[in-house]
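Engineer: Pasting the sequence and the predicted model now:
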Amino acid sequence: MQTENYLIRKPSLEKLFNNLIGSGKTIFAPKAKGKLALFDNVKAYGEITEDYIVTANSAKSVVFPRTEKLFSYHKSKEKTEITDAANSSFPEVILWGTRPCDAAAFIPLTDTFNGDYKDIIFNSRREKVLLLSFSCNKSDDYCFCTSVNSGPGNTSGSDVLFTKLPGGDYLAEVMTPKGQLLVRESIDLFEPKPEEDKDRNLAVVANRFNQKEIQAKLQNLFENPVWDDKSRACLGCGSCAYVCPVCSCFDIQDEAHGNKGTHLRCWDSCGFGLFTLHTSGHNPRETQSARWRQRILHKFLYIPNKSKIAGCVGCGRCSRSCPADINILETLTSL
C-alpha cells in the first residue's frame, strides 16, 4: 500500500494513547526501571519513558513468550482430553515505542515461524499486534542498524512510524492497513503532513560493514582461528539470545502431574552447552567457539541464504547485556 503521512501534535499523541487504553487495548511500552528501560504493560501515558536508545529487553515475547503452553491433557479411565492452545483467543496488543530495529525484527522472526511449518499460535498472536514505532533521534556505539540494511528511520515492520520534529510534534508514517485503521478511528488527532525533512531529525549511525560482503566471507570461514579468539570470554549464559529480538531457538518440555500435564515451549539458546547434546552423549558443538560460530553463521549466513534478510537488526542489545563485554560488532568488523 502507499504510505500515508500526517502530522500529529504532542498533546494529540497523548490523546491517541488514552483512546487506545479507553478501548480496552493492552499496551506494552518502554517503562523506566532503575537505569533501564523495559517493555512492560502500561496503563497511563505518564508511565512511558522517552529516555532510552533501545529497551533492555526486546518486544518478541509478545508473540513468542519465554514459556508458552502448547497444549495440556487430562487422562481418565474413559478418555484423554486435550486442550490445544492453538484454539485460544489471543488479546489485541499494542507495542508502543518500538524502535525501527524492533519492528524490523518481526520480519525474520515471522519468517522463522512460517518456514516448513506455519505456527498457528505464533501467527495468531502476531495478527493481534499493532506496532507503533518511534524513530531514533540518538544512538550509541553499540548501534549498527545501517550495516544490516536498516536505519534510525526505517519503516519496515512498523504499522505506524512516528518521528519527533523540532518543537515536540511528530511526523506519522502510516505503512499498513492496521495503521490506516488506527488513523481512521482517531482522524481528528491527525493533521496534513508537515514540510519538515524527516532525515534531519534522525540519529546518525555509521555504516560499519557490508552485509553482503560478510555473507560472502562466511561461506569459507567455518574453520578459522577467529572463532576461538572471539569466544574465549564467553560464559555460555545465553543473555545475548534472550535479549535479541530475532533469536527464536526453543526447547519443548513436558510437565506431568499424575494423570494430567502440559506441553511447553521454552526459550533456548545455541550458546548453551546442552543445546546440541545428543542422548548418546555426543555433542557436535562441544566447545564454546563452535557455539559462537553457529550464532554468527546462523544470523549472517544461513538466514540470509534462506530468506534474503539478515537474522540481525543491529540493535546492539546482545553486546550491551553481555557480562563478559563481548561485542558482536567487533567480531563482524574483524571478519
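Structural biologist: Received, thanks.

Engineer: In space, what's closest to Glu185 - neighbours in sequence excluded?
Structural biologist: Closest residue to Glu185 apart from its sequence neighbours, by CB to CB, 6 or more residues apart in numbering: Asn19 at 7.5 Å. The C-beta positions use only the backbone N, C-alpha and C, and glycine is treated the same way.

Engineer: Run through who's touching the helix or strand harbouring that neighbour.
Structural biologist: Assigned by DSSP states H and E, Asn19 belongs to helix 10-22. Helix 10-22 is contacted by residues 8, 27, 43-45, 48, 94, 96, 162, 168-170, 185-186, 189-190 when judged by CB atoms under 8 Å, 6 or more residues apart in numbering.

Engineer: Kindly report the same for stretch 265-277.
Structural biologist: Contact partners of stretch 265-277, identified using CB under 8 Å, 6+ apart, comprise 64, 66-68, 70, 234, 236-238, 240-242, 247, 249-253, 283-286, 288, 291-292, 294-295, 298.

Engineer: Please apply the same query to stretch 100-116.
Structural biologist: So stretch 100-116 is in contact with 54-55, 58-60, 63-64, 95, 119, 122-123, 126, 129, 131, 133, 135-136, 145, 150-158, 161, 245-246, 248, 303, 306-307, 309-311, 313-315, going by CB under 8 Å, 6+ apart.

Engineer: Using neighbour counts, trim these to the buried set.
Structural biologist: 54-55, 58-60, 63-64, 95, 119, 122, 126, 129, 131, 133, 135-136, 145, 150-158, 161, 245-246, 248, 303, 309-311, 313-315 (16 or more other CB atoms under 10 Å).

Engineer: which of the contacts of helix 10-22 are buried?
Structural biologist: Neighbour-count burial (16+ other CB under 10 Å) is assigned, among those, to 8, 27, 45, 48, 94, 96, 162, 169-170, 189-190.

Engineer: so what's the residue positioned nearest the centre of the chain scoring on pLDDT?
Structural biologist: In the chain, the residue lying closest to the centroid (CA atoms, centre = their mean) is Pro245, at 2.7 Å. For Pro245, the pLDDT comes out at 98.

Engineer: next structured bit after the helix holding Asn19?
Structural biologist: Criterion used, DSSP H and E; the element after helix 10-22 is strand 26-33.

Engineer: now the helix or strand following that next one against strand 26-33, angle please.
Structural biologist: For strand 26-33, the succeeding helix or strand toward the C-terminus, using DSSP H and E, is strand 36-42. Computed with axes from the mean of the first three to the mean of the last three CA atoms, to 10 degrees, the direction of strand 36-42 lies at 150 degrees from that of strand 26-33.

Engineer: Which positions in strand 36-42 come out as buried?
Structural biologist: 37-40, 42.

Engineer: need the residues you listed in CSV with distance to Leu221 and pLDDT, can you?
Structural biologist: Shown next, in CSV, are the buried residues of strand 36-42 (distance: CB to CB, whole Å; pLDDT from 0 to 100):
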residue, distance to Leu221, pLDDT
Ala37, 36, 96
Leu38, 36, 97
Phe39, 35, 96
Asp40, 40, 96
Val42, 44, 97
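
Engineer: Just give me the closest of the residues you listed to Asn220.
Structural biologist: Nearest to Asn220 among these is Phe39, at 39.0 Å by CB to CB.

Engineer: what angle separates the helix or strand where Asp102 lies from strand 36-42?
Structural biologist: Assigned by DSSP H and E, Asp102 belongs to helix 100-112. Angle, helix 100-112 to strand 36-42, by the same axes, to 10 degrees: 70 degrees.

Engineer: Using PDB, list the CA coordinates for helix 100-112.
Structural biologist: Listed next in PDB are the C-alpha coordinates belonging to helix 100-112 (Å, rounded to 0.1, in the frame of the first residue of the first chain):
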ATOM      1  CA  PRO A 100      12.700   0.700  13.900                       C
ATOM      2  CA  CYS A 101      15.100  -2.200  14.700                       C
ATOM      3  CA  ASP A 102      12.500  -3.800  17.000                       C
ATOM      4  CA  ALA A 103       9.800  -3.500  14.300                       C
ATOM      5  CA  ALA A 104      12.200  -4.800  11.600                       C
ATOM      6  CA  ALA A 105      13.000  -7.800  13.800                       C
ATOM      7  CA  PHE A 106       9.400  -9.100  13.400                       C
ATOM      8  CA  ILE A 107      10.100  -9.800   9.700                       C
ATOM      9  CA  PRO A 108      12.800 -12.500  10.200                       C
ATOM     10  CA  LEU A 109      11.100 -13.700  13.300                       C
ATOM     11  CA  THR A 110       7.800 -14.200  11.400                       C
ATOM     12  CA  ASP A 111       9.700 -15.900   8.600                       C
ATOM     13  CA  THR A 112      11.200 -18.400  11.000                       C
END
